[in-house]
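Q: this one's sequence-less:
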């Protein structure tokens, strides 16, 4: 009787312990996937969705472009993860504290000004992209596109981190599945792009490597606006590390699948929306899904950058977050009406150099054990 009771109690303890460990694993992977989804959703945007960005940075370099993607993917995995782990170390609640940690108090002020300008500029570009999508593809006036996008953004931002996680967790898997479907069609119809196997002259290899570094540096610098406060709020290194690795890996997979798909296009540099041409040729019946994905990618980038700007402004103004978001969106809308192309033409290259400095400093800084 005693042994049977002892066995039952011991067996129950073992089962409870296993269930607890299983629950911890599930919680870790769920949190990691949410972090990865926000990571992917922040990096991708209108240029990514249309394929133009991938062509400019990678696909035009053929085989070297593939190796460039692998290099950029490595940087996304290593540096994105390191940035989030370091954010937990210093308990940075916005990119302001993180830049102070990397650049020092004086140079971080310059960096923060550029960051804010670039984030607002990117938000304006995303909003303009949403307007163009409504007008050109759906025949709906721009003002309707603006109102819908701004309203949805504010509603999501009211929910805070939960809203950010929810939208990205929904959109990113659809994006990945769609990309893999389009790539599979290339193999199914037996038109694997031989263009991707061409080895250009050696100087193209150096350009491809430079493109990989600049692409990763620029996106990581802007992504810190979201990844830094997210990591600190989660405050769990195991979840953040797994999420960073998973997010960087998923970005690499999406880049490779898009690279292979776009390589099938002749004269691919001539198209403004090269991915649309591929979709029409392979999945014309589900073209509306592609439009939804474009809007989803624009939207995830927009709300991610909004979240980062709001976190920064909260350091200086003590009002409810909803009013900060409304003011930001009004300002972003007004900026989108102005021809600021020349301004961004000056700021983008300058910010590109600063982004490379950010990447180097991030590489050199160590993480607390």
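A: Looks like it arrived, so ask away. Since the structure is predicted, the reported quantities are computational estimates derived from the model, not experimental observations.
Q: for the stretch 251-369 of the chain, give me the ranges with low pLDDT.
A: Under the criterion pLDDT under 70, the flagged ranges of the stretch 251-369 of the chain are 267-273, 282-284, 338-349, 368-369.
Q: show me what the helix or strand that residue 293 is a member of is packed against.
A: When elements are assigned from DSSP states H and E, residue 293 belongs to helix 287-313. The elements that helix 287-313 packs onto, with contact taken as 3 or more C-beta pairs under 8 Å, 6 or more residues apart in numbering; DSSP states H and E, are helix 2-43, helix 46-50, helix 95-132, helix 142-158, helix 161-188, helix 202-234, helix 274-282, helix 321-337. To be clear about C-beta, it is placed using only N, CA and C from the backbone, and glycine gets the same treatment.
Q: looking at those helices, which is closest to residue 65?
A: Among the helices and strands packed on helix 287-313, the nearest to residue 65 by C-beta to C-beta is helix 202-234 (5.6 Å).
Q: elements contacting the closest one?
A: Using 3+ C-beta pairs under 8 Å, 6+ apart, helix 202-234 sits against helix 2-43, helix 52-57, helix 62-90, helix 95-132, helix 161-188, helix 287-313, helix 341-364.
Q: distance from it to the middle of the chain?
A: Centre-to-centre, helix 202-234 and its host chain are 10 Å apart (C-alpha atoms, centre = their mean, to the nearest Å).
Q: also stretch 33-53?
A: Centroid displacement of stretch 33-53 relative to its chain, using C-alpha atoms, centre = their mean, is 4 Å.
Q: give me the average confidence score over it.
A: In this model, stretch 33-53 has a mean pLDDT of 81.
Q: measure it end to end?
A: With C-alpha to C-alpha, to the nearest Å applied, stretch 33-53 spans 25 Å between its terminal residues.
Q: nearest residue to the middle of this structure?
A: Centroid-nearest residue in the chain: residue 43, 2.0 Å away (criterion: C-alpha atoms, centre = their mean).
Q: how about that residue, what does it touch?
A: Residues in contact with residue 43 (C-beta atoms under 8 Å, 6 or more residues apart in numbering) are 76, 219, 223, 251, 301.
Q: what number of residues lie near the fourth one?
A: In other words, residue 251. Using other C-beta atoms under 10 Å, residue 251 has 24 other residues around it.
Q: my read: residue 232 touches residue 87, true?
A: Yes: the pair residue 232 and residue 87 qualifies as a contact (C-beta atoms under 8 Å) at a distance of 5.2 Å.
Q: looking at the two, which is more packed in?
A: Using other C-beta under 10 Å as the criterion, residue 232 and residue 87 rank with residue 87 on top: 27 against 21.
Q: quick one: which two of the contacts of residue 43 are the most distant?
A: It's 76 and 301 that sit farthest apart of the contacts of residue 43, by C-beta to C-beta, at 15.4 Å.
Q: could you report the pLDDT at the closest residue to residue 335 other than its chain neighbours?
A: Spatial nearest neighbour of residue 335, excluding adjacent residues (C-beta to C-beta, 6 or more residues apart in numbering): residue 124 at 4.3 Å. Residue 124 is assigned 84 on the pLDDT scale.
Q: quick one: contacts for residue 124?
A: 332-333, 335-336, 340.
Q: what about it, distance to residue 95?
A: Separation of residue 124 from residue 95 (C-beta to C-beta, to the nearest Å): 19 Å.
Q: comparing the helices and strands packed on helix 287-313 by mean pLDDT, which bottoms out?
A: helix 46-50 (a mean of 67).
Q: for residue 219, the count of nearby residues, please.
A: 22.
Q: how about residue 79?
A: Count around residue 79 with other C-beta under 10 Å applied: 20.
Q: ok, it - contacts?
A: Counting by C-beta under 8 Å, 6+ apart, residue 79 has contacts 216, 220, 359, 362-363.
Q: what pLDDT does it get?
A: On the pLDDT scale, residue 79 gets 93.
Q: next, the contact list for residue 239, please.
A: Applying C-beta under 8 Å, 6+ apart, the residues near residue 239 are 28, 31-32, 35.
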